[in-house]
Structures are given as structure tokens and as C-alpha cells.
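Chemist: Sharing a model prediction with you, sequence too.
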Amino acid sequence: MRDVAIIGIGHTKFGRAAKTSLELFSEAALQAVDDAGVDLKDIEALFQGAALSGFEEGQLMPAAFSAAELNLGPIPATRYEGACASASVAIRDAALWVGAGEHDIVLAGGVEKALTMGTSFATRTFAMACHAPTEGPAGLTFPGVFAMAARVYAQKYGIPLDSLREKMAHVSIKNHRHGALNPLAQFYKKLGDLKVEDVVNSRMVADPLTLMDCCPFSDGASALVLCPAEDARKYTDDPVYILGTGQGSGCPLSKMEDLTKPVSRITSARTAFKRAGLSPKDIDLAEVHDCFTIAEFIALESIGFFDWGEAAEATAEGQTDLGGKLPVNMSGGLIGKGHPIGATGASQVYWIVKQMHGDAPKGNQIDPIPEYGMTDTLGGDFGTLCHIILGRTKRGA
Amino acid sequence: MAGRTQEDIENELATEYLVLTYADYEAGLREGKLLGLRCVPCNKITCHPMPVCQWCGSRDLERTELSGKGTLETFTVIRVPSEGYEDDNPYIPCIVKTNEGPSVVGRLDYDTERATQDLIGKRVKLSSTYTYKGDKYSGGPRSCPVFSVID
Ligand SMILES: [Zn+2]
């Protein structure tokens, strides 16, 4: 396998978009192509995450039509659907195909128009990534699944639920503080100075998760240009290398041994570390899937950044903030930046690359510039997991 | 040229891959029974219905009926329902670990205003069935078990 580099990145404003999903993706893709300094005619394949496009705009095959919008010709253009992990899975496959030597320059990314659907319908379609036969009739929603996980976490680690809710609030406070500094975030210049009571006292969505424990529905797109690592310096002075990826699949909730220790996530993260030849202590920053505050704790522990049951207290202590042991979700995460599900994984990679270029929004740049970063993306209720480890130097270099 | 006999073809078509279908399982629920599968090699119980044992993967399975009793593993009170579930709001989805081993997702019949963390670990039993009326995305009506706290 050849090593693979990211040579161009693009990202639309997240929030509510009047543009169609094809327009949103084109915007992100053209930014990425311009950033890489490649020509559209050099793109050999398109790997696009899109989870709910049929429900949002009645648009199946968004990948094929995105390729057509950009006049890329009859190249392979494939939609990836792994619910909220769709773009990460698309990027992973793009890297594998470039690594395998099938393609040289490819576009990878994702797009979604979830905010346009409205809360009730979006909640219904998101819940379709649950196990339909068993979790469907029970009326489980995604906040509901993570609310159940929060209760297990509190029970398992002997944390009174009210105390856990306060610790979870720190995830929302931190990620909104970061998101408020990010001009492309849905909540730019908003909610930047939340207090614990603002989070715990906001409207209850699925007990014990309040509205402020939840990420928003969002519209948006993000895209990357990838090429073989050996060619990367022809295009850019600061390529970022994909050092390792992992993917894992889950099962119905009822078959999970422990909602707070998803095997799909543990397996995916371990695979990514093994491929990269790195371990959790090597990672300088992470963008993790904070769809709900409790989800950030579960992510941090499953990846191995903190021991089981310790991410809650570590977060409340500021260990995942700028200057802490491991800065997490400096972009604002899903909570502060927004969560256009098919685009989220690409956005996570985009913001790690920005950090590695020293180009993060003012107040959010890690100093010194991070050497290794990692993304963690979760689709559904632990049904699809994907991890991507990025570095500023090639493996073995 | 050698080919398969009509008998071979008919035997193949008669192979039963699903000992208990999801339709059987839901019909059982509506009759007050929690149906599952007993694995012949490992003797463990699988529920909901699957084509293989959820523990060892064997396809050598027999139908069985579970007691319907178990322990409440976790739950939530949904207050922002998805489209199609507005009439139920608020309601309590839950996960129950059955006495026989497998966990099942269902609903808890309990006062939503009094549903607090101390419910976790309580003994529960199958008390009724909830049938979602279905919408254009659900493939028709679907049923799940409803549990009540016994102590
Ligand atoms: Zn078995």
C-alpha cells in the first residue's frame, strides 16, 4: 500500500443553507480543489458521504450528480452511507483506493441538509439508523439512546445522576466556547459563555439529556483532495498524511454487552492505531463525535485517551480543553459547530488539518502545532464507527 | 452433462433458514408471550429472532418461550418524540435483561414523572405489547414488548 496525503481542504458554513446539497458539495469541493492547486480534470474518483439525501431533497445518487455538477466526466462517484459516520467511511475508502494504486488524485467528503428537514422529521430519519425491528416500535430517538447510555454510565461508576449531568455540561460549555470562535460554525459568536445551570436547566429532550446536551441539526458540506504521499509536495508545502484508519460495525442495542463500551468503537480505534503504529498517548488533539455530551466521554474512553469512567471528571477538570492533556473538539465539535451528518467526518478531518497548518480560528490554535491528530466518528447507535489518524510527517519518516 | 435432480432442487428450496421469524415473534408478543430460540450446541437463549445463535453463531436452533421476567438495565423518558410518535409523548423506552440471558428493547409502563435513576436494577415482567401504528417508512405496524415493575 502507498501512503496517502491530504493536499486540499474545503468547508462550507454550517447551519441553515438555502443552497441545494449539490451546490453545497460543489462549494466545498471547489475550495478543496483550489486549495490543492489541482484541476477538476485531474480528479479520478469521488467518494461522498451522504446519509439522508433522499429524505431531505428527494435526491438519491448525490455522488453521481455531484460529479456531474463539477463536470468531472464519467469517473466513478460513490455515495457512502454510514449514518453520521458517512464521510469518514468515504474518506477511509478513498485513502484505501489511492493507497492501493487504483487512483491518484481523488475528492472525498460529504454533504447533508438535515436542518432543512425540521426537528420532528429529522428525528424520525436519524432514528432510522437504529435497529428498526426492535428499536423502531419502542420509539427510540438518538437522544434517547444516549440518555440510556448516560444512565448506565452513572450507575456503573457510582456517580449520582445530578453530578454526572454537571460533568456532562462541561462538554457542552467547552464545545460551545470553541464553536463560538469558529466562523464556519453554526453557533459562531453564540453560546460562548454557557454556565452549568444553562445546560442542566434547558429543555429536557430525553431524560437526562437536555437540549444543550445535544448537537443541532445542520446543513453543510466539507471536502478533501487526496493523493499519494510521494506526490504530495508537488502540490503543497504542508501536506497532512493519513497514517491509519479503522472501521467497525455494531449491533442492535439489546445485543451490546455495555452501552458505555461499544465494541465497534474500541475495535475501530485499535485498528487505526495499529495501522499508524501509534498509541493514544501520541495524539496531540482529537475531534470526537460529541453528538451528545455523554457521547464525548464514551468516545474518549473507548479510544483509550482516558481509563473507563474517568473522562467525566477529566473533562470537568479541563483536561480536554486548550492547554490540557488532550485538547478535544477545538472546532466546536458537533455541539458547537453543527452536525450535517453526511459531512461531519470530513469536517473533523478539515479542522485537524487546519490545526496542523497553524490556521485554526483565533483562540483555538494548539501551540505548538500538533504533530498527530485523530478523528472519531460514530454512525447511528454505535452501528458504524470510523477513526482516522493524521500526521504532519509520513510513516517511518 | 450432469445436473441436479428435481429432488435436489426441491430440497434446497425447502431449507428453513429462519426457525422463528420476526412476524412469529411479534404475533407471540400480541398473545402475551416472549418467544426466542434455544441453541442446541450451547444451550443459550437468543431473543429477538435471528438466523443464528447470538452467542455462538450456530444455526442449530429450536423455538422456545421465555419467562418474560428480567431486570431493568436502563431507560429514558422521551420528551421530544420523532414524527409519528407524538401521540405517545412522553414515553419510556427501556432495555431489559431477561432471566434467560438475552436483553430486549421495549417500553416500560411507568409514571413518566416518577421515573428516576433508582428504577435501574428493578425486577420487571412482560405485561403487554405496544404496537406502533406504522408510517410510510416502517414497513407497516410493528410491535415491541411492554414491561412493568414487579416489586
Ligand atoms: Zn449457541
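Modeler: That came in fine, so what should we check first? Numbering: from 1, shown residues only, chains lettered A, B, ... in the order given.
Chemist: Excluding covalently adjacent residues, which one is nearest to residue 149?
Modeler: The chain I'm using is chain A. Once flanking residues are discounted, residue A:149 sits nearest to residue A:259: 4.2 Å by Cβ to Cβ, 6 or more residues apart in numbering or on different chains. To be clear about C-beta, it is placed using only N, CA and C from the backbone, and glycine gets the same treatment.
Chemist: my bad, the chain I had in mind was chain B
Modeler: residue B:122 (5.0 Å).
Chemist: Check residue A:373 too.
Modeler: Leaving aside its chain neighbours, residue A:373 sits nearest to residue A:352 (3.8 Å; criterion: Cβ to Cβ, 6+ apart).
Chemist: Surely that neighbour and residue A:372 touch.
Modeler: No - at 9.4 Å, residue A:352 and residue A:372 do not qualify as touching, with contact defined as Cβ atoms under 8 Å.
Chemist: Relative to residue A:184, how far out is residue A:367?
Modeler: Per Cβ to Cβ, to the nearest Å, residue A:367 is found 21 Å from residue A:184.
Chemist: out of these two, which sits in the busier spot?
Modeler: More neighbours surround residue A:184 than the other of residue A:367 and residue A:184, with 22 against 9 (other Cβ atoms under 10 Å in any protein chain shown).
Chemist: Show the contacting residues for the more buried one.
Modeler: Residues in contact with residue A:184 (Cβ atoms under 8 Å, 6 or more residues apart in numbering or on different chains) are A:11, A:12, A:13, A:14, A:337.
Chemist: So which of these is the closest to residue A:329?
Modeler: Of all those, residue A:337 has the smallest distance to residue A:329: 8.1 Å, by Cβ to Cβ.
Chemist: Near the residue nearest to residue A:373, how many other residues are there?
Modeler: Other residues close to residue A:352 by other Cβ under 10 Å number 29.
Chemist: Go ahead and list the helix or strand containing it.
Modeler: Using DSSP states H and E, residue A:352 falls within helix A:344-356.
Chemist: which residues in chain B form strands?
Modeler: Residue ranges of the strands in chain B, as given by DSSP state E, are B:34-39, B:45-46, B:61-66, B:69-75, B:77-78, B:93-98, B:103-108, B:123-132, B:142-149.
Chemist: closest to residue A:157 out of the ones you listed?
Modeler: strand B:69-75 (13.8 Å).
Chemist: Now do that closest one against strand B:93-98, angle only.
Modeler: Interaxial angle, strand B:69-75 versus strand B:93-98 (axes from the mean of the first three to the mean of the last three Cα atoms, to 10 degrees): 140 degrees.
Chemist: quick one: contacts for the one residue in the stretch 51-200 of chain A that gets nearest to the ion?
Modeler: Per Cβ to the ion, residue A:134 is where the stretch 51-200 of chain A lies closest to the ion, at 19.6 Å. The neighbours of residue A:134, taking Cβ under 8 Å, 6+ apart as the test, are A:252, A:253, A:254, B:48, B:104, B:105, B:144.
Chemist: got the residues you listed as CSV, with distance to the ion columns?
Modeler: Listed next are the contacts of residue A:134 as CSV, based on distance: Cβ to the ion, whole Å:
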residue, distance to the ion
A:252, 17
A:253, 21
A:254, 17
B:48, 15
B:104, 17
B:105, 21
B:144, 24
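Chemist: Turn the residues you listed into TSV, columns for pLDDT and neighbour count.
Modeler: Listed next are those as TSV, based on pLDDT from 0 to 100; neighbours: other Cβ atoms under 10 Å in any protein chain shown:
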residue	pLDDT	neighbour count
A:252	97	21
A:253	97	26
A:254	97	21
B:48	96	25
B:104	98	27
B:105	98	27
B:144	98	24
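Chemist: Pull the helix or strand bottoming out on mean pLDDT in chain B out as CSV, backbone CA atoms only.
Modeler: Using mean pLDDT, DSSP states H and E, helix B:6-13 stands out as the lowest-scoring helix or strand of chain B, at a mean of 86. Taking Å, rounded to 0.1, in the frame of the first residue of the first chain, the C-alpha atoms of helix B:6-13 are listed here in CSV:
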residue,chain,number,x,y,z
GLN,B,6,-35.7,-32.2,-9.4
GLU,B,7,-35.5,-33.6,-5.8
ASP,B,8,-32.2,-31.8,-5.1
ILE,B,9,-33.7,-28.5,-6.2
GLU,B,10,-36.9,-29.0,-4.1
ASN,B,11,-34.8,-30.0,-1.0
GLU,B,12,-32.8,-26.8,-1.4
LEU,B,13,-36.0,-24.7,-1.7
